[in-house]
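Visitor: kindly return the folded structure for what I paste below:
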Amino acid sequence: MYMKFNILTFGCKVNSYESEYMKELLINHGYTYNDDEKTSDIVIVNTCSVTNTADNKCKKTIRSVRRDNEKAILVVCGCTAENHREELNDLNIDILIGNTDKSKIVEMIEEFKDTNKKYIKFYDERRKEFEDMNVESFSDLTRAYVKIQDGCNNYCAYCIIPYVRGSIRSKNFDEAVKEINDLVLKGHKEIVFTGINTGAYGKEHGKYDLTDLIREISKIDGLERIRVSSIEITEIDDKFIEEMKINPKLCAHLHVSLQSGSERVLQIMNRKYTKAEYLEKINKLKNARPEINLTTD
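Guide: Down below sits the predicted model:
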């Protein structure tokens, strides 16, 4: 007899994508999704560690789930698990992993059901390969998300992400094109790229980059919009700007993080650009695509 499960997701679009993938895997193996964690047989908490507030929310939720549903199989994964694994080890969690092996969620649950032994596994995130995940369909009939990249090499002074997500690594080019083509065939007209540092796609290989992938999938009949939701200013080069200028499928919106307008603060933050360099790229984008909408933080 298969069981009911619930997934509680914190943080970024990458986490949301990975939760969607775990949900699809479990359903495909006979498990039933349940909206209420208090009445579920399995509760998965996919955590975020981008700020102390996020960490604290995740820990509070884990304690609450265990208190309100003592008999549930409690699975905790994600960035807080990577960042606070020793502390979480004392919270009566049944399966505790980081950002690796989310694609093996069914096997881990089945093993726990057979052995009833606590499962804890972590890896050296710096030595990881890209963990491939293909979500077959989305409830949003128009828009589909595709995780094409993971990890970050920037090491900004304030940011934990490189330590909990590891080095940059990218989805295989041909596999990415195939996944996107399959999603379009199922009726999705817009593709949204997700990644920890999306603009770094392919950089570790040196054979292809984000613009190459945009150009290739633009050939797919039925695909109307390609959205790059967030990108670092250092990843915006002349090649990308030219594609933004000539490709009508590429949405005229980018979120380009600034972090500070102070040169001194940018330097202390270990950001890899100056204020002048940021503004120069922004002006190039606006000249190439006058109607572009730009957001920042």
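
Visitor: what residue ranges in the stretch 51-200 of the chain score low on pLDDT?
Guide: Scanning the stretch 51-200 of the chain for pLDDT under 70 picks out the ranges 125-127.

Visitor: what about the helices in it?
Guide: For the stretch 51-200 of the chain, the helices defined by DSSP state H, counting those that start in this stretch cover 52-68, 79-83, 85-88, 105-115, 161-165, 173-185.

Visitor: out of those helices, nearest to Leu266?
Guide: Nearest to Leu266, of all the helices of the stretch 51-200 of the chain, is helix 161-165, at 17.7 Å by C-beta to C-beta. The C-beta positions use only the backbone N, C-alpha and C, and glycine is treated the same way.

Visitor: what residues of that closest one count as buried?
Guide: If you call a residue buried by 16 or more other C-beta atoms under 10 Å, then helix 161-165 has these buried ones: 161-162, 164-165.

Visitor: and among the helices of the stretch 51-200 of the chain, the most buried is which?
Guide: Among these, judged by mean count of other C-beta atoms under 10 Å, the one packed with the most neighbours on average is helix 79-83 (a mean of 25).

Visitor: now for that helix, which elements pack on it?
Guide: Contacts defined by 3 or more C-beta pairs under 8 Å, 6 or more residues apart in numbering; DSSP states H and E place helix 79-83 against strand 42-47, helix 52-68, helix 161-165.

Visitor: again, only using 10 Å
Guide: Secondary-structure packing of helix 79-83 (3 or more C-beta pairs under 10 Å, 6 or more residues apart in numbering; DSSP states H and E): strand 42-47, helix 52-68, helix 85-88, strand 95-97, helix 161-165.

Visitor: just the C-alphas of the second one, formatted as PDB.
Guide: Right, helix 52-68. Provided in PDB are the C-alpha atoms of helix 52-68 (Å, rounded to 0.1, in the frame of the first residue of the first chain):
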ATOM      1  CA  ASN A  52      19.600  33.500   8.700                       C
ATOM      2  CA  THR A  53      15.900  34.200   8.500                       C
ATOM      3  CA  ALA A  54      15.400  31.500   5.900                       C
ATOM      4  CA  ASP A  55      17.400  29.000   8.000                       C
ATOM      5  CA  ASN A  56      15.400  29.800  11.100                       C
ATOM      6  CA  LYS A  57      12.100  29.400   9.200                       C
ATOM      7  CA  CYS A  58      13.200  26.000   7.900                       C
ATOM      8  CA  LYS A  59      14.300  24.800  11.300                       C
ATOM      9  CA  LYS A  60      11.000  26.000  12.800                       C
ATOM     10  CA  THR A  61       9.100  24.100  10.100                       C
ATOM     11  CA  ILE A  62      11.000  20.900  10.700                       C
ATOM     12  CA  ARG A  63      10.300  21.000  14.400                       C
ATOM     13  CA  SER A  64       6.700  21.800  13.800                       C
ATOM     14  CA  VAL A  65       6.200  18.900  11.300                       C
ATOM     15  CA  ARG A  66       7.800  16.400  13.700                       C
ATOM     16  CA  ARG A  67       5.700  17.700  16.600                       C
ATOM     17  CA  ASP A  68       2.400  17.600  14.700                       C
END
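
Visitor: thank you kindly, that will do.
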